[in-house]
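Trainee: Predicted coordinates and the sequence they were generated for:
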Amino acid sequence: MPGGRLTQEERQRIAMGLADGLAYAEIARSLDRPTSTITREVMRNGGPTEYRADLAHRAAERRAHRRRSASSPGAASGPLPYGRDADAVAEYEERFTTVMMGSGLAKSMSRVMVCLLTSDTGSMTAAELAGRLQISPATVSKSISFLESQSLVRRERDERRRERYVIDDDLWYQSMIASARSLEEQVELAREGMDVLGPGTPAAVRLENVGRFLQFVAESLVRAAEQAREVLHTKPDAAAAGDDGS
């Protein structure tokens, strides 16, 4: 099975496969590549409907250039903390971004989210995000606004009065609760629809079933979030002790 980065010819064959409606697995088999490689390649370059081989290849070359610059001796950014491998971190962040995109987030928002998640401080300024990701301040602002609306990021001022964007433990809990509230609103709408469309009609029955399903999911989500909340604050030593059964 060939390794290394995808070639321009392979990217062209991916584009043709997508145009023919082939599944990722079929395209992967034709190239003798893992399906995960094709999935990441397509998702990080606009998805199956927007994928363009030439644009994808240029983007890959830019990423490779940034990695070489970041890991070269004397690079302005310097070595990564804790002895981390720059190439391994970059590849991990790309894969993480692809997964986030698969969950429905736009690419820029996914990149900002992953950047904050993988930073040791868990917070960055707009200038730091723009520099780290090589995107415009306007893109950072748009991404942060959306993530904030989903309770995934919050804002705070540091000692220099700069606005920082923070992702911390409680935000995951708050995001789950916000998701549950959204589901409960959909439950209420489903119940209203039953009256509007007429009780017992096919459409009303469908909405009733949807409402009961969403109600169950919302209640289960809240219970799970409450029960697991303490995990977000577990210290590494405590987690290790729990794994040892002590």
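Mentor: Structure received.
Trainee: who touches the spatially most central residue of the chain in this structure?
Mentor: When C-alpha atoms, centre = their mean is applied to the chain, the residue found nearest the centroid is residue 100 (2.1 Å). By C-beta atoms under 8 Å, 6 or more residues apart in numbering, residue 100 lies in contact with 109, 110, 113, 114. Where C-beta positions appear, they are placed from N, C-alpha and C, glycine not excepted.
Trainee: List the residues that contact the first one.
Mentor: So the one you mean is residue 109. 100, 143, 146, 147.
Trainee: Chain neighbours aside, what residue packs nearest to the third one?
Mentor: Closest residue to residue 146 apart from its sequence neighbours, by C-beta to C-beta, 6 or more residues apart in numbering: residue 109 at 5.5 Å.
Trainee: who does the top helix by length along the chain touch, helix- and strand-wise?
Mentor: Determined from DSSP state H, the single longest helix within the chain is helix 169-197. Using 3 or more C-beta pairs under 8 Å, 6 or more residues apart in numbering; DSSP states H and E, the elements in contact with helix 169-197 are helix 202-228.
Trainee: Which secondary structure elements does the helix it packs on sit against?
Mentor: helix 169-197.
Trainee: Give me the buried positions along the helix it packs on.
Mentor: Buried residues in helix 169-197, defined by neighbour count with 16 or more other C-beta atoms under 10 Å: 171-177, 179-180, 183-184, 186-187, 190-191, 193-194.
Trainee: For stretch 214-229, list the C-alpha coordinates in PDB.
Mentor: Listed in PDB are the C-alpha atoms of stretch 214-229, where the atom choice follows Å, rounded to 0.1, in the frame of the first residue of the first chain:
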ATOM      1  CA  LEU A 214     -36.700  14.100  21.300                       C
ATOM      2  CA  GLN A 215     -38.100  14.400  24.800                       C
ATOM      3  CA  PHE A 216     -36.400  11.100  25.800                       C
ATOM      4  CA  VAL A 217     -33.100  12.200  24.200                       C
ATOM      5  CA  ALA A 218     -33.200  15.600  25.900                       C
ATOM      6  CA  GLU A 219     -33.900  14.200  29.400                       C
ATOM      7  CA  SER A 220     -31.200  11.500  28.900                       C
ATOM      8  CA  LEU A 221     -28.700  14.200  27.800                       C
ATOM      9  CA  VAL A 222     -29.300  16.300  30.800                       C
ATOM     10  CA  ARG A 223     -29.000  13.300  33.200                       C
ATOM     11  CA  ALA A 224     -25.800  12.200  31.500                       C
ATOM     12  CA  ALA A 225     -24.300  15.700  31.600                       C
ATOM     13  CA  GLU A 226     -25.100  16.100  35.300                       C
ATOM     14  CA  GLN A 227     -23.700  12.600  36.200                       C
ATOM     15  CA  ALA A 228     -20.500  13.100  34.200                       C
ATOM     16  CA  ARG A 229     -19.800  16.700  35.100                       C
END
